[in-house]
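[1] Got a predicted model here, sequence first, then my questions.
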Amino acid sequence: MQATGADDPTGEALVLTSAAPGRRHKLVAFAIVPALLAALFVLTRPFAEIQLPPAPAFVPIQTSALFVINLVTALLFFCQYWILRSRPLLVVANGYLYAALVLIPYLLAFPGLFVTGGTLVGGLQSTAWLYILRHCGLAASLVAFALISRGEWRRPQQVKGDVPLVLSVVATCALVMVIATVCIAADGHLPVVASDGRRFSTGWLIYAGAPMASLYGLAVILLWPLRNTVLGLWLLVVASVHLAAVPISFFGSPSRFSVSWYTVVIINLVANSLVLAVLLVEVSNLYRRLLEAVRAQQHEREARLATGDALAAMIAHELRQPLLAIVMRAATSVRRLDRPAPDVEKAIADLGKITADGHRAGAILDSIRANFRRDIRTRASMDLNQVASETVALVRRDLRKQQVRVQMALNARPADVAGDRTQIQQVLLNLISNAAEATAGSPAPRLLTITSENGEGNEICVSVCDNGAGVSAEHLAQLFNPLFTTKATGMGMGLSICRSIVEAHGGRIWASPNSPNGAVFQFTLARLANA
Ligand code: ADP
């Protein structure tokens, strides 16, 4: 599996020059390509010298195809260079640009193509020399790529500004013009490599075979250590394929339009298309990895925002009850004092309750903070029955207003557990206020029963039952999920908070339908060993 941008902190997998080739790359490069070449070699060897009729359209079509392939390859390399500012990329981009541009004078000077029995420009030697120099230039760029890449391993250098890019393109175009001019204008003075429009002379072996074999051979040797990068591997394949094509060009007496000539032309076309295909696939792969990295980042951000939302909802949800109580009690105290005969005693009692509510709000904030800091808060031992009674006392007035009758059936045995009193109180408060809300639409008597009984093993089980609307089977599985609510103004945080508190205390919480109607919410906590 290749690394995605998301799990590659250095971003190496997103860089063409350092991305590692996958198994499929290696299989094609080291097995399929050599096997195809060997098959081609064996199959064409016996028929190498057979002359096939020259197809007039073949040369312009294959040269134009090669021109477009080389030009697009060069363009892709230039784009990669523009992003990465790596010198080896600039060199190889210019190599492919050179290989593309030389094809223009090569085509114009091809014998018999534009002028029957002659050439449009230059002479017999021009085409052959342009062919030789095209290959030598491309091979030299591969050698330079390998040499500079090895230097960059030791001391990576980034090219700054666009001047080197512009200068290199100008230099390549100038070189092509010089070579084209020399090959065309000095045709008569060039060493003889072509005997006529078809056949090559013995000079072909010396002037074409020797330099091409040495340069591509050198490129193969120098590129071998770079085979562990996608780019290094495929340039190595290109150099090897061109090197393998050299002996095929010299089978028997080499001539154009022979089986071996067509073979070499096809090998050339395939070798050049191979790099373009790999580049396109790799660039698309890099784009995919980049997209994955961006999506992973987006998810992370959304998750962080959701956590922030959940935290805000949790704080709002938990503080709403004590704050509402403070506001209501303060309003009552104002009314008690704002009379001709103020009831100071009751007002003082209210103010005492307001202070207690304020402290409770502070304790809730502390317990939320502790939850997020994942603190192990000092757990005190407490009697769960007592906590339940205290909690009911806190909301009894509200329940009465909502016409909800509370019944308590607490276990006679003290239910001693270890835990955070405020948090357990929060659980009970949430369950009670949910139960009261669930009975809101039901006809009287609206009933809420709180029981505590022995559970499995040494567990104590607390239940809050109501005869309200009940929970549909469809919603039962989602009740405890954060932000799940069926209420128009609900936050969907209460039960999720209850679950995290109970589970943090080593207990379990669940809901089930009540009979004949309503719902039962139950949670268990472990009894203290000596209780
Ligand atoms: P909220 O009360 O803000 O909706 P909760 O997490 O406390 O958030 O509750 C989630 C949902 O569980 C409620 O919207 C309601 O549909 C359902 N629910 C909770 N308690 C009861 C109950 N006693 N009876 C019926 N449904 C309940």
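    Yep, it's here.
[2] For the rest of this, base every contact and every neighbour count on C-alpha atoms.
    Noted.
[3] After the one helix or strand His317 maps to, heading C-terminal, what element do we hit next?
    Assessed by DSSP states H and E, His317 sits inside helix 259-337. Downstream of helix 259-337, the next assigned helix or strand under DSSP H and E is helix 344-373.
[4] Sort out which residues of the very next helix or strand once past that following helix are buried, please.
    Per DSSP H and E, the first helix or strand lying C-terminal to helix 344-373 is strand 380-383. For strand 380-383, a neighbour-count test (16 or more other Cα atoms under 10 Å) marks 382-383 as buried.
[5] can you give me how far strand 380-383 is from the chain middle?
    Chain-centre distance of strand 380-383: 49 Å, with Cα atoms, centre = their mean, to the nearest Å.
[6] The next helix or strand after it to helix 344-373, inter-axis angle?
    As assigned by DSSP H and E, the chain's next helix or strand after strand 380-383 is helix 384-401. An angle of 120 degrees separates the directions of helix 384-401 and helix 344-373 when computed by axes from the mean of the first three to the mean of the last three Cα atoms, to 10 degrees.
[7] now Thr172: how far from Leu483?
    With distances taken as Cα to Cα, to the nearest Å, Thr172 is found 64 Å from Leu483.
[8] just to revisit the earlier point, okay, angle between the helix holding His317 and helix 384-401 too, please.
    Taking the same axes, to 10 degrees, helix 259-337 and helix 384-401 form an angle of 70 degrees between their directions.
[9] and helix 259-337, what does it pack onto?
    Applying 3 or more Cα pairs under 8 Å, 6 or more residues apart in numbering; DSSP states H and E, one finds that helix 259-337 contacts helix 33-44, helix 58-84, helix 230-249, helix 344-373, helix 494-504.
[10] The first one: which residues count as buried?
    Think helix 33-44. So, applying 16+ other Cα under 10 Å, buried residues of helix 33-44: 33-34, 40-41, 44.
[11] any idea of the mean pLDDT for that helix?
    Average pLDDT, helix 33-44: 87.
[12] what sits up against it?
    With contacts defined as Cα atoms under 8 Å, 6 or more residues apart in numbering, helix 33-44 is touched by 241, 244, 248, 259-260, 263.
[13] Those into TSV, with extra columns for distance to Ala526, pLDDT and neighbour count?
    Shown next, in TSV, are the contacts of helix 33-44 (distance: Cα to Cα, whole Å; pLDDT from 0 to 100; neighbours: other Cα atoms under 10 Å):
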residue	distance to Ala526	pLDDT	neighbour count
Val241	75	92	22
Ala244	79	89	20
Ile248	85	82	20
Val259	89	88	23
Ser260	87	86	29
Thr263	83	88	19
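[14] Can I get these in a markdown table including distance to the ligand?
    Formatted as a markdown table, the contacts of helix 33-44 follow (distance: Cα to the nearest ligand atom, whole Å):
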| residue | distance to the ligand |
| --- | --- |
| Val241 | 68 |
| Ala244 | 73 |
| Ile248 | 78 |
| Val259 | 80 |
| Ser260 | 79 |
| Thr263 | 75 |
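[15] State the pair within those residues that is farthest apart.
    Val241 and Val259 (17.7 Å; Cα to Cα).
[16] Quick one, which of the helices and strands packed on helix 259-337 gets closest to Arg335.
    Taking Cα to Cα, helix 344-373 is the member of the helices and strands packed on helix 259-337 nearest to Arg335, at 8.8 Å.
[17] how far does the helix holding His317 sit from the chain's center?
    9 Å.
[18] change the start of the numbering to 25 and stick with it
    Yes, from this point I'll number from 25; that puts the last item at helix 283-361.
[19] Is the ligand within reach of stretch 332-350?
    No. With Cα under 6 Å from any ligand atom as the criterion, the ligand is not reached by stretch 332-350; the gap is at least 7.6 Å.
[20] Would you mind pulling the contact partners of that stretch?
    378, 381-382, 384-385, 388-389, 392, 450, 506-507, 515, 517-518, 521.
[21] hmm, back to that, nearest to the ligand, of the buried residues of helix 57-68?
    Of all the buried residues of helix 57-68, the ligand sits closest to Val57, with 63.0 Å by Cα to the nearest ligand atom.
[22] mind putting the helices and strands packed on helix 283-361 in a markdown table, distance to Ser357 included?
    A markdown table is the format used below for the helices and strands packed on helix 283-361 (distance: least, Cα to Cα, whole Å):
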| stretch | distance to Ser357 |
| --- | --- |
| helix 57-68 | 92 |
| helix 82-108 | 72 |
| helix 254-273 | 79 |
| helix 368-397 | 5 |
| helix 518-528 | 30 |
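[23] Can you say which of these is packed in most?
    Stretch with highest mean neighbour count among the helices and strands packed on helix 283-361: helix 254-273 (a mean of 22; mean count of other Cα atoms under 10 Å).
[24] Just list what that one packs against, helices and strands only.
    Using 3+ Cα pairs under 8 Å, 6+ apart, helix 254-273 sits against helix 57-68, helix 148-178, helix 234-247, helix 283-361.
[25] re earlier: wait, which of the helices and strands packed on helix 283-361 is closest to Ile203?
    With Cα to Cα as the criterion, Ile203 lies closest to helix 82-108 of those, at 17.1 Å.
[26] can I assume Leu549 sits in a helix?
    No. The assignment for Leu549 (DSSP: H, G, I helix; E, B strand; the rest coil) gives strand, which keeps it out of a helix.
[27] While we're on it, how confident is the model there?
    Leu549 is assigned a pLDDT of 95 by the prediction.
[28] which residues sit in contact with it?
    Residues counted as contacts of Leu549 (Cα under 8 Å, 6+ apart) are 441, 483-485, 526, 529-532.
[29] and if we set it to 7 Å?
    441, 483-485, 530-531 (Cα atoms under 7 Å, 6 or more residues apart in numbering).
[30] Looking at those, spot the one nearest the ligand.
    Nearest member of those to the ligand, counting by Cα to the nearest ligand atom, is Cys485, at 16.9 Å.
[31] pretty sure the closest one is touching Phe547, no?
    Yes. Between Cys485 and Phe547 there is a contact under Cα atoms under 7 Å: 5.7 Å.
[32] What is the neighbour count of the residue in the stretch 325-474 of the chain positioned nearest to the ligand?
    Closest to the ligand within the stretch 325-474 of the chain is Ala459: 3.7 Å, counting by Cα to the nearest ligand atom. If you count neighbours by other Cα atoms under 10 Å, Ala459 ends up with 27.
[33] Leu199 - that's part of a strand, no?
    No. Counting by three-state DSSP, Leu199 is not part of a strand but helix.
[34] List the backbone torsions phi and psi for the closest residue in space to Arg111 that isn't next to it in sequence.
    Residue nearest to Arg111 in three dimensions, not counting chain neighbours: Val183, with 6.7 Å by Cα to Cα, 6 or more residues apart in numbering. Phi and psi for Val183, reported as degrees, to the nearest 10, are phi -80, psi 130.
[35] Within its local environment, how many residues does Val183 see?
    Val183 has 15 neighbouring residues, counting by other Cα under 10 Å.
[36] ditto for the one 10 residues further on
    Summarising burial for Val193: neighbours were counted as other Cα under 10 Å, giving 18.
[37] residues contacting it?
    Listed by Cα under 7 Å, 6+ apart, the contact set of Val193 reads Asn118.
[38] where's it relative to the ligand, distance?
    Relative to the ligand, Val193 is positioned 67 Å away (Cα to the nearest ligand atom, to the nearest Å).
[39] what does this structure put close to the ligand?
    Residues of the chain lying close to the ligand by Cα under 6 Å from any ligand atom are 458-459, 462, 493-495, 503, 508-511, 514-520, 543.
[40] With distance to Phe82 added, can I get the contacts of helix 57-68 in TSV?
    Below are the contacts of helix 57-68 laid out as TSV (distance: Cα to Cα, whole Å):
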residue	distance to Phe82
Val265	22
Ala268	23
Ile272	20
Val283	14
Ser284	15
Thr287	13
